[in-house]
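Asker: my questions are about this predicted structure, shown below with the sequence.
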Amino acid sequence: MQQATPSHSSPLARITLLAYLFLIVYASWFPFSGWRDVGLAPFEYLWAPLPKYWTKFDALINIAGYIPLGMLIVYSLHPWVRKAGAVALAIVAGCLISGTMEAVQQYLPNRVASILDFYTNVGGTCIGALLAAWSATALLERGRLRLLLQHWFQTDASSGMILLALWPLAQIYPQGYLFGHGQIVPILSDWISELLSNWLSDWRSDLLSVPIQLETLLGLDPEPSLERYWLLETLITASGLCGAVLFLHCLLRKGAPKIALALALLGAALVTKSLASALLFAPENAFAWLTPGARGGLLVAGLMLPALIYAQPAIQRRLALLMLTVSLLAVNSVPANPYFVATLQAWVQGKFLNFNGAAQFLSLLWPFLALWFLLRALQRAKHQRKQQLAKK
């Protein structure tokens, strides 16, 4: 007889663990270019002395980055493996993961494999595992949070909840516009320009002196007026916020405190944005993102959302799709702000270097993942309606 799946296991923890592993790989091996062999064995860093030059900031970031890994491993093992056994497995997994990440960095010119990074990563895993072992039973079995989540969120909302939790984290990457995720046109423009320049490198032509810009090919204004900048920023902020909040409400049950959860989501995003701005640049820049266009967008969203969050679920899904699509179109219809580009260069070359690739990846990809999730939800709802009609 096949044994039933133990009660109180956490599919959400296992899905989140896979997503977090992907982020660790991306952050550790970014920018995935310039691979070379310098003649060192992959694990030779394990016997190397501690580096002479390192900062407490980098060490703390490495520890903090692996604490969630240790916690998620223990939560994913529950209830099959608990307490000391789960902690031991989490530490072994942390050693293997961190060791592999550092070994592959031996072949990346912009990364340096370090035994200190390995120690701090494993230390973070150990801290996370101990915290999770202490809290797993209370959180996953008899915790009030678990009961609230079951009461507020739909049964099949696990993957959507993960995407929703990533939205505040997407604010870490410095965006040209508040909630302006998915701005891929400038990146594609640089990529196309470099690709075509390499392809034409053997040609003796004046074409090489003319930069190829995707914005120009698409007929976009390379230098919009200040008023248009503000209008687009208002549109981007309002539509991005409305899309995220409506995405949240697509996951909720009827009895959930919709307004309170929407305010909590917005607060988490703005606090993350402010802390990231203060940490990555300077404390006085904590609220540099609160531009006139951003304030206008927050006001417009505040006027729209009280009516939209009580619409029918099917209408909310379509409105969320519309808002996120409008935000994507708007953020890709205006070139990058020159001041933002200069600020971003200072961040990329300064603090948080190990995680800027993962932060950029999350900022670019989040709206596309949300659109994919909403389209799947619409297809499932349509299929269910067809089945109900067929039964009648």
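Answerer: Alright, I've got the coordinates. Numbering: from 1, shown residues only.
Asker: okay, now L375: neighbour count?
Answerer: Here the number of neighbours of L375 (other Cβ atoms under 10 Å) works out to 12. Quick note: C-beta positions are derived from backbone N, CA and C, even for glycine.
Asker: was I right to think G123 contacts A64?
Answerer: No - checked against Cβ atoms under 8 Å, the pair G123 and A64 is beyond contact range at 10.5 Å.
Asker: so which of the two has more stuff around it?
Answerer: G123 (19 against 14).
Asker: tell me which residues touch the more buried one, please.
Answerer: I63, Y66 (Cβ atoms under 8 Å, 6 or more residues apart in numbering).
Asker: and for the one 3 residues further on?
Answerer: Contact criterion Cβ under 8 Å, 6+ apart gives G70, V87, A90, I91, G94 as the residues in contact with C126.
Asker: I'd like the next helix or strand past the one helix or strand the third one maps to.
Answerer: Think A90. According to DSSP states H and E, A90 maps onto helix 83-105. Following helix 83-105 in sequence order, the next helix or strand is helix 115-140 (DSSP H and E).
Asker: surely A132 touches V74?
Answerer: Yes - with contact defined as Cβ under 8 Å, A132 reaches V74; the gap is 3.6 Å.
Asker: shared neighbours, these two?
Answerer: Common contact partners of A132 and V74 (Cβ under 8 Å, 6+ apart): A86, A90.
Asker: quick one: the helices in the stretch 251-392 of the chain?
Answerer: Assigned by DSSP state H, counting those that start in this stretch, the helices in the stretch 251-392 of the chain fall at 258-280, 292-308, 313-331, 338-348, 356-391.
Asker: right, and the ones you listed - which one's nearest R36?
Answerer: R36 lies closest to helix 356-391 among these, at 18.6 Å (Cβ to Cβ).
Asker: helices or strands up against the closest one?
Answerer: Applying 3 or more Cβ pairs under 8 Å, 6 or more residues apart in numbering; DSSP states H and E, we find helix 356-391 packed against helix 11-29, helix 158-169, helix 226-249, helix 313-331.
Asker: can we see that at 10 Å?
Answerer: Contacts defined by 3 or more Cβ pairs under 10 Å, 6 or more residues apart in numbering; DSSP states H and E place helix 356-391 against helix 11-29, helix 158-169, helix 226-249, helix 258-280, helix 313-331, helix 338-348.
Asker: got the CA coordinates for the third one in CSV?
Answerer: What that stands for is helix 226-249. C-alpha atoms of helix 226-249 as CSV (Å, rounded to 0.1, in the frame of the first residue of the first chain):
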residue,chain,number,x,y,z
LEU,A,226,10.4,66.8,-19.5
GLU,A,227,6.6,66.9,-19.4
ARG,A,228,6.4,63.6,-21.3
TYR,A,229,8.9,62.1,-18.9
TRP,A,230,6.7,63.0,-16.0
LEU,A,231,3.6,61.8,-17.8
LEU,A,232,5.2,58.5,-18.6
GLU,A,233,6.6,58.1,-15.1
THR,A,234,3.1,58.7,-13.7
LEU,A,235,1.6,56.1,-16.1
ILE,A,236,4.4,53.6,-15.3
THR,A,237,4.1,54.0,-11.5
ALA,A,238,0.3,53.9,-11.5
SER,A,239,-0.1,50.9,-13.9
GLY,A,240,2.8,49.0,-12.3
LEU,A,241,1.3,49.4,-8.8
CYS,A,242,-2.3,48.6,-9.9
GLY,A,243,-1.0,45.5,-11.7
ALA,A,244,0.8,44.2,-8.7
VAL,A,245,-2.1,44.9,-6.3
LEU,A,246,-4.6,43.3,-8.6
PHE,A,247,-2.3,40.3,-9.0
LEU,A,248,-2.5,40.0,-5.2
HIS,A,249,-6.3,40.1,-5.2
